[in-house]
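1. The following comprises the amino acid sequence and a computationally predicted model.
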Amino acid sequence: MKRNVILEKSYLFGIRTVKLFLYMKEKGAEQVLMRQLLKSGTSIVANVEEAVGASSGRDFIYKLDISYRETRETIFWLKLLRDTQIPEQKMAASMLKDSEELARIIGSIQKSIKNPNNKTTPNS
């Protein structure tokens, strides 16, 4: 079976999101903002997983588009949380870096699907 990098990375990010939520809950952090992060951060992998099992190319693209939008939303919540200093800065920076990497990878997949002649790399 071929390795699915985006599925692996998004799953690990989902785990980190849940762990961050639980950690911040123990610390008594703002729950409304943390729940928003939990929802968007775990939705990334849920939609990637649905894309992998898509019934058609159109369905695959649709689920991947949702995953990309959820990634962008997660980046927003992480920046907001970082800038309001709710989680530790090192933790926020690490999560933000990972979410931005996911956005680049998903965006690259979207570009290559929508324009198969356009050879892109995950960093483009």
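-> Arrived safely, thanks for sending. Numbers count the residues shown, from 1 in each chain.

2. Tally up the residues packed near K9, please.
-> Neighbour count of K9, defined by other Cβ atoms under 10 Å: 18. C-betas here are computed from N, CA, C, even on glycine.

3. Now do the contacts for it.
-> Listed by Cβ atoms under 8 Å, 6 or more residues apart in numbering, the contact set of K9 reads D98, E101, L102, I105.

4. Considering those, which possesses the most neighbours?
-> Counting neighbours by other Cβ under 10 Å, L102 leads those with 26 neighbours.

5. So it is in contact with G14, correct?
-> No: counting by Cβ atoms under 8 Å, L102 does not reach G14; the two are 10.2 Å apart.

6. in stretch 14-32, what's buried?
-> Buried residues in stretch 14-32, counted by 16 or more other Cβ atoms under 10 Å: G14, R16, T17, L20, F21, M24.

7. what's the distance between it and the middle of its chain?
-> Centroid separation between stretch 14-32 and its chain, computed with Cα atoms, centre = their mean, to the nearest Å, is 16 Å.

8. got the contact list for it?
-> Against stretch 14-32 from outside (Cβ under 8 Å, 6+ apart): 34-35, 37-38, 41-42, 44-46, 74, 86-87, 91, 95, 98.
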